[in-house]
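> Coordinates for the following, if possible.
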Amino acid sequence: MIIPTLDQSGAEKQFCLLAEGLSIAGIDVEVVVLTRGGPLEQRLSEAGIPVTILEKRFRFDLFVLRKLRKIILDRSPDVALSYLFAGNSSLRLALLGITRKRPKVLISERCVDSWKSRWQIALDRYLQPFTDLLIANSESVAEYYQSKGFPAEKIRVVPNGVIVPEMSNLSQKELCEAANIPIGSRCIAYIGRLAPQKRLKDLLWAIQMLRLSHPDSYLLIIGEGPLKDELLDYARTTEAETHVRFLGHRDDASSLLHLVDAFWLGSEFEGMSNSLMEAMSCGKPVVVSDIPSNRELVEHGVSGWIANLGDSAGFTQYTVRLLEDAKLSEQIGHAAQKRMADHFSIQAMVDTTESILNEITEA
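The predicted model follows:
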């Protein structure tokens with residue numbers, strides 16, 4: 001299994017959960033990390049999974065490609081499975097020209113990658129014939145790559161799995177104190193990168209409207225990213241800053257979901273949001289943007305609400321209903337929790353992947 005880094009982000013978490021699950025299932029798993037380790041490296045090591053870090057320095061590091069090629073030839077695995085653009089392109093480039101001892105090549109795409117530039121799309125197309133299967137984590141990702149020319153018969157969908165986050169070490173009172181908001185406030189959370197595709201300005205407008213009718217409501221933005229300074233300025237411009245708290249990166253981010261009243265996600269594209277799945281697994285009512293991947297997770301009016309993309313007023317209106325009707329909020333949260341448990345378990349992700357590995361190695 002090949003991945004660019006072991007940073008503690010959504011794709012990396014799913015990668016490690018799958019590696020651990022396959023190892024428990026009796027499959028011999030080894031991990032190769034192209035650039036650097038990270039917080040998840042120790043977790044893999046504790047699970048008895050060997051980890052090799054190649055210390056990639058450049059976008060196309062020929063030395064690292066040679067090392068990856070040598071590792072694969074030396075180990076002679078049945079299957080090589082990579083994650084994300086850097087991992088997927090590096091694996092296939094490293095294997096160019098190899099016919100003997102060549103493993104089955106599986107790549108895993110985790111998002112509707114509309115950010116890709118022309119050269120990246122061109123490289124994907126060039127490398128497509130050297131790919132045995134593409135694993136997408138949602139139907140929307142599968143459809144996106146079909147639209148880019150990847151054959152439908154060579155695509156499999158394996159949805160993300162979710163583990164219910166551990167309970168927080170903080171109390172709700174302590175969270176309010178840490179966020180410098182009044183004790184007993186109603187908290188709405190966003191967890192993720194502060195990046196353009198997350199459309200956080202829509203959420204800032206939503207909290208600005210929500211505070212007018214519910215002044216005890218606060219938006220907690222948990223995460224880091226390139227737009228942080230711009231968003232701080234925007235919060236001041238929209239006069240929302242009094243009811244927004246930027247909490248930065250927190251190792252306990254997922255556990256804090258147990259302490260909030262609702263979760264917002266306004267993204268314009270996703271693969272399958274881990275933070276959204278974690279919020280639902282905690283039994284929290286969610287309000288999300290109307291994009292394909294969110295519709296795969298949230299049943300509108302049943303396990304959450306779906307607002308039109310960019311519709312800040314819609315986010316506000318649905319959240320008002322949650323805040324004013326405790327029974328409805330509990331009902332929606334319970335349905336969300338059940339949906340995650342019934343359809344998006346880690347075991348289901350591992351079992352489906354194992355079935356694909358058996359299928360492709362027996363072909």
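> Can you show me the strands along the stretch 51-200 of the chain?
51-53, 79-83, 104-109, 133-136, 155-157, 186-191 (DSSP state E, counting those that start in this stretch).
> The fifth one pairs with which strands, and in what direction?
Based on DSSP bridges, the pairing partners of strand 155-157 within the sheet are strand 133-136 (parallel).
> Ile221 and Val64, how far apart?
Distance, Ile221 to Val64, using Cβ to Cβ, to the nearest Å: 35 Å. Where C-beta positions appear, they are placed from N, C-alpha and C, glycine not excepted.
> any idea how far Asn160 lies from Glu241?
34 Å.
> related to what we said a few turns ago, neighbour-wise, which of Ile221 and Val64 wins?
Neighbour totals were compared for Ile221 and Val64, and Ile221 leads with 27 against 19 (other Cβ atoms under 10 Å).
> Settle this for me: the more buried one is touching His249, isn't it.
No. With contact defined as Cβ atoms under 8 Å, Ile221 does not count as touching His249 (11.2 Å).
> Neighbour count for Asn160 and Glu241, which is higher?
The neighbour count for Asn160 versus Glu241, taken as other Cβ under 10 Å, is higher for Asn160 (25 against 17).
> Residue most distant from the centroid, the protein?
Distance from the C-alpha centroid of the chain, by Cα atoms, centre = their mean, peaks at Arg100 (35.7 Å).
> and it, how far is that from Glu362?
From Arg100 to Glu362 the distance is 20 Å (Cβ to Cβ).
> How far off centre is stretch 46-57?
Counting by Cα atoms, centre = their mean, to the nearest Å, stretch 46-57 is centred 21 Å from the centre of its parent chain.
> One more: stretch 351-358?
21 Å.
> Please enumerate residues in contact with that stretch?
Defining contact as Cβ atoms under 8 Å, 6 or more residues apart in numbering, one finds that stretch 351-358 is touched by 18, 21-22, 25, 27, 78-79, 106, 133, 135, 156, 158.
> Ok, stretch 25-35 next?
For stretch 25-35, using Cβ under 8 Å, 6+ apart, the contacting residues are 1-6, 19, 22-23, 41, 44, 49-56, 64, 68, 71, 75, 77, 86-87, 90, 350, 354, 357.
> Recalculate using a threshold of 7 Å.
With Cβ atoms under 7 Å, 6 or more residues apart in numbering as the test, stretch 25-35 has contacts from 1-6, 19, 22-23, 44, 49-56, 64, 68, 71, 75, 86-87, 90, 350, 354.
> again, but for stretch 329-343
Here stretch 329-343 has contacts from 162, 277, 280-281, 283-286, 302-304, 322, using Cβ under 7 Å, 6+ apart.
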